[in-house]
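Engineer: can't give you the sequence, but here's the structure:
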């Protein structure tokens, strides 16, 4: 509850391309705010740009919200009292509001051409003045309108900004004031009659009774325009109240530039394909502007919801750090129950990720190796390369690993180790002792002695605990792989 009432927030993405991690951060903060304050999250689709919007992207948005674990109180698939929740289905509403704004004197038709606007902007800049719209069509006479119409000019609809400063208290940034010369009249309807974001977004917020608007800092400059529009909508009886605003900090990428959709690390699909856990990714994204405590980075989503306060969001830009995101995800993987970890790995144990035949997969062997793998993988897709040696007839031979491990004398070491392994009890401790003894016989410590054995058995210099892996692989396959490595070394 906020001030004794249930808040209403909204998440309103456009269905254009793959979801962006900055968009997910915005959704997360809105969702956490709603859940912490026992409020409602309205999920709304801003799909008025027919040239860029697509049904495929719309479905991706829904799928992404479900994967992330976000639920919503109103919106696609569940409906609600303010339906429809796709702007493309609300055009009649926007046309009606635009006409009411014009009739009430809050908006007007503007016949200025693009060339005229550019010329006047250039002149204003040259004179050192603000270059926004100069109000040329604010007070057109009937004769002027008739003349423009006779010329065949089209017109847009502009909202008439009041000639007074716009002041509001931002939940993140405190009190802000915008002077009228910096907030000129702006378009709300295109020349073809299509409503613009500047109209549809505040109108939907008004009609859906949104109480708090939590959105990115890039939209801060539009807030004074929207405040004036809310005042007009309230006077017309369309809006009940003006929402409170909070502008979330920029997410910065490489080179201290704002993370954009074009940056590879910005795509939500990248993290899903690599095998991030939703909990791990959301934990990291929550740290982009907020923290649960100064000395704590790892927490559950439930803990975040319990602690989340918009007043704790930092206004400074947050830098996206992929390494830290991976570290946090790895910690969430460690926290899983082994059974849940095993189930979560499922997609990466099948094609197209797995490079072994489906019939070669042995669920019992994987269940044995899973506890060892869980402590080492960073993302779930790491599991494939860590366990493929169990399910392939021959291990994947990594040339770099072979060159690094198979030094002069490796054949003699492997021969000694092979003899010890052949006679050993088949458990991790006995196998370790056999390789340790082989190393001592050749003047090598365990680390140096086990490297050729590891590459012979698994194909790589790094991986899961070697002796536990050999135990699970089995005596016959392990010895066969050592024999194959010896044959290659002595060929």
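Structural biologist: In hand now; what should we look at? All values derive from a computational prediction rather than experimental measurement.

Engineer: Quick one: the helices in the stretch 301-450 of the chain, in order.
Structural biologist: 301-307, 322-335, 338-344, 363-374, 382-391, 399-405, 410-423, 428-441, 446-458 (DSSP state H, counting those that start in this stretch).

Engineer: which residues touch the fifth one?
Structural biologist: Which is helix 382-391. For helix 382-391, the external contacting residues (CB atoms under 8 Å, 6 or more residues apart in numbering) are 275, 345, 348-349, 353-356, 360-362, 365-366, 369, 373, 376-377, 395-396, 457-460, 463-464, 469, 472-473. C-betas here are computed from N, CA, C, even on glycine.

Engineer: Mind checking which of the residues you listed are buried?
Structural biologist: 275, 345, 348-349, 353-354, 356, 366, 369, 373, 376-377, 395, 457-460, 463-464, 469, 472-473 (16 or more other CB atoms under 10 Å).

Engineer: Narrow the residues you listed to those in strands?
Structural biologist: With DSSP state E as the criterion, strands contain none of those.

Engineer: if we can go back for a sec, possible to save the helices of the stretch 301-450 of the chain as JSON lines with mean pLDDT and distance to residue 228?
Structural biologist: JSON lines is the format used below for these (pLDDT from 0 to 100; distance: least, CB to CB, whole Å):
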{"stretch": "helix 301-307", "mean pLDDT": "98", "distance to residue 228": "34"}
{"stretch": "helix 322-335", "mean pLDDT": "98", "distance to residue 228": "40"}
{"stretch": "helix 338-344", "mean pLDDT": "97", "distance to residue 228": "50"}
{"stretch": "helix 363-374", "mean pLDDT": "97", "distance to residue 228": "56"}
{"stretch": "helix 382-391", "mean pLDDT": "97", "distance to residue 228": "53"}
{"stretch": "helix 399-405", "mean pLDDT": "95", "distance to residue 228": "64"}
{"stretch": "helix 410-423", "mean pLDDT": "97", "distance to residue 228": "78"}
{"stretch": "helix 428-441", "mean pLDDT": "97", "distance to residue 228": "72"}
{"stretch": "helix 446-458", "mean pLDDT": "96", "distance to residue 228": "67"}
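
Engineer: mind putting those in CSV, distance to residue 204 included?
Structural biologist: Output for those, formatted as CSV (distance: least, CB to CB, whole Å):
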stretch, distance to residue 204
helix 301-307, 26
helix 322-335, 33
helix 338-344, 37
helix 363-374, 45
helix 382-391, 43
helix 399-405, 56
helix 410-423, 70
helix 428-441, 62
helix 446-458, 57
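
Engineer: residue contacts, the residue nearest to residue 91 when sequence neighbours are not counted?
Structural biologist: Excluding its sequence neighbours, the residue lying closest to residue 91 (CB to CB, 6 or more residues apart in numbering) is residue 195, at 7.1 Å. The contact partners of residue 195, by CB under 8 Å, 6+ apart, come to 48, 91, 94, 95, 98, 188, 189.

Engineer: what about residue 180, distance to residue 166?
Structural biologist: Remark: distance between residue 180 and residue 166 (CB to CB, to the nearest Å) = 8 Å.

Engineer: Neighbour count: the two, which is higher?
Structural biologist: More crowded of residue 180 and residue 166, by other CB atoms under 10 Å: residue 166, with 20 against 15.

Engineer: ok, back up a step: pull out the buried members of the contacts of residue 195.
Structural biologist: Buried members of the contacts of residue 195, counted by 16+ other CB under 10 Å: 48, 94, 98, 188, 189.

Engineer: Okay, and which of these map to helices?
Structural biologist: Those of the buried ones among the contacts of residue 195 mapping onto helices are 94, 98, per DSSP state H.

Engineer: which of the buried ones among the contacts of residue 195 lies closest to residue 255?
Structural biologist: residue 48 (33.1 Å; CB to CB).

Engineer: Excluding covalently adjacent residues, which one is nearest to that closest one?
Structural biologist: residue 87 (4.8 Å).

Engineer: Next, the buried residues of stretch 333-348.
Structural biologist: For stretch 333-348, using 16+ other CB under 10 Å, the buried residues are 333, 336, 341, 342, 344, 345, 347, 348.

Engineer: Could you pull up phi and psi at the residue nearest to residue 48?
Structural biologist: phi -60, psi -30 (degrees, to the nearest 10).

Engineer: wait, it sits on residue 197?
Structural biologist: No - checked against CB atoms under 8 Å, the pair residue 87 and residue 197 is beyond contact range at 9.1 Å.

Engineer: anything in contact with each of those two?
Structural biologist: Joint contacts of residue 87 and residue 197 (CB under 8 Å, 6+ apart) are 46, 48.

Engineer: Give me the more crowded residue out of those two.
Structural biologist: Ranked by neighbour count (other CB under 10 Å), residue 87 and residue 197 place residue 87 first, with 24 against 16.

Engineer: Just list the residues touching the more buried one, thanks.
Structural biologist: For residue 87, the contacting residues are 44, 45, 46, 47, 48, 200, 204, by CB under 8 Å, 6+ apart.

Engineer: Could you rank these by neighbour count and give me the top one?
Structural biologist: residue 44 (26 neighbours).
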